[in-house]
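Chemist: Provide a 3D model corresponding to the input given below.
(one chain, ligands or ions: 1)
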Amino acid sequence: MSGIGKVAVIGAGVMGAGIAAQVANAGVPVVLLDIVKEGAASRSAIAEGAVAALLKADPAPFMSRAAAKLVATGNIEDDLGLLADCDWIVEAVVERLDVKQALYRKIEGVRKAGSVVSSNTSTIPLASLISGLPETFARDFCITHFFNPPRYMRLLEVVKGELTRPEAIALVSRFADAALGKSVITPKDRPGFIANRLGVFWIQCAVIEAIEQGLEVEEADAVIGKPMGIPKTGVFGLIDLVGLDLMPHVMDSMIGLLPPEDPLHAIHRPQPLIERMIADGYTGRKGKGGFYRLNRAGGGKVK
Ligand code: NAI
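Modeler: As a prediction, this is how the structure comes out:
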């Protein structure tokens, strides 16, 4: 295969919609699939909604109306056949191994030979993702870990498995570099790869320190954000952007996967504050706000 002429993204959430938009903006046709929710107006409502939301977002050179036309939306049950002529299929569904693997089995039934399948997982090792799947799948599979928001974050972690064909890695890395403007790094297949091992550590420390010191959300971000090199959002803004509900999944996943002697083990414990906020619906920007509440001017104390 000489290049990537068509891409599929499965999961039209925070990450999937952003990845699809960026690919479309590079002039490459994209299929964006999601699941149909009970009572949805149309069979592809979630994916269509994601594209509409991206068009409404702040002006950004990533999803023009012309690019939007390159995105075909659909649902995973009825429209799986749309994957058949895709050269690269990116999975960006919830961070659950069982859900991802069930999806891979479906993909394997329809994808064309030699197409690359990759996961946007934040934490699940590649070896676990392909466990029990056919070797043909494993040879074409890798992890492509984009960062949030995909259109602005230049880093892309590409993780290779023992069986992954080098050509598959070369294909997506070349495309990510040339078409999407990414800086590709190739971490080892270990929990959290490189960036999340550092990033989750930062977030945990920030929450613990802000509670200990009785800081307001804005105060904490003023200290732990820009001065420490975290752009614009600060740490708490970043948690709201990423989604608080993702945090326990990432932590659980890390705790379950880190060997007992790993020095990061002690740090990766879900914070009760975050669990309480999720239970109250404060899941971040995609919910009714997070540390920066949508119904208040500011964030208030971290407690
Ligand atoms: P999200 O919750 O915003 O979106 C997930 C989407 O997947 C939802 O629209 C859901 O309906 C859909 N979905 C669930 N099961 C499905 C299935 N079987 N078939 C098709 N669609 C299905 O999640 P988000 O935040 O976009 O995360 C997606 C993946 O990206 C996860 O693996 C996460 O760990 C990873 N990730 C997330 C980052 C973030 O900042 N949110 C950053 C980097 C990676």
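
Chemist: What are the structural domain limits within this protein?
Modeler: 7-185, 195-279 (automatic domain parsing).

Chemist: weakest of those in terms of mean pLDDT?
Modeler: The weakest mean pLDDT among the domains of the chain belongs to domain 195-279, with a mean of 80.

Chemist: Can you get me the start-to-end distance on that one?
Modeler: Terminal residues of domain 195-279 lie 28 Å apart, using CA to CA, to the nearest Å.

Chemist: please renumber so the chain begins at 308
Modeler: Taking 308 as the first residue, the last one we looked at is domain 502-586.

Chemist: Return the residues of this structure in contact with the ligand.
Modeler: Residues of the chain lying near the ligand by CB under 6 Å from any ligand atom: 317-323, 340-342, 353, 383, 399-402, 406, 410, 427-429, 453-455, 549-550, 553. For the C-beta atoms, the positions are set from N, CA and C on the backbone; glycine is no exception.

Chemist: Residue of the stretch 508-610 of the chain closest to the ligand, please.
Modeler: V549 (3.7 Å; CB to the nearest ligand atom).

Chemist: residues of the longest helix along the chain that come out buried?
Modeler: Longest helix in the chain by number of residues (criterion: DSSP state H): helix 502-519. Using 16 or more other CB atoms under 10 Å as the burial criterion, the residues of helix 502-519 that qualify are A502, N503, R504, G506, V507, I510, Q511, A513, V514, A517, I518.

Chemist: nearest residue to the third one other than its sequence neighbours?
Modeler: When you say that, I think you mean R504. Leaving aside its chain neighbours, R504 sits nearest to L571 (6.1 Å; criterion: CB to CB, 6 or more residues apart in numbering).

Chemist: ok, L404 to G439 distance?
Modeler: Distance, L404 to G439, by CB to CB, to the nearest Å: 11 Å.

Chemist: Kindly report the same for G323.
Modeler: 24 Å.

Chemist: the more surrounded of these two?
Modeler: G323 (25 against 9; other CB atoms under 10 Å).

Chemist: So the more buried one lies in a helix, does it not?
Modeler: Yes - checked against DSSP: H, G, I helix; E, B strand; the rest coil, G323 lies within a helix.

Chemist: Now do the contacts for the nearest residue to L377 once chain neighbours are set aside.
Modeler: Excluding the flanking residues, the one nearest L377 by CB to CB, 6+ apart is A331, at 4.2 Å. Contacts of A331 were listed using CB atoms under 8 Å, 6 or more residues apart in numbering, and they are V337, M370, A374, A375, L377, V378.

Chemist: Likewise for G607?
Modeler: E523, V524, R600.

Chemist: And the residue of the stretch 308-457 of the chain closest to the ligand?
Modeler: G320 (1.8 Å).

Chemist: And for that residue, the neighbour number?
Modeler: G320, neighbours per other CB under 10 Å, totals 17.

Chemist: In this structure it contacts E402, no?
Modeler: No - using CB atoms under 8 Å, G320 makes no contact with E402, being 10.6 Å away.
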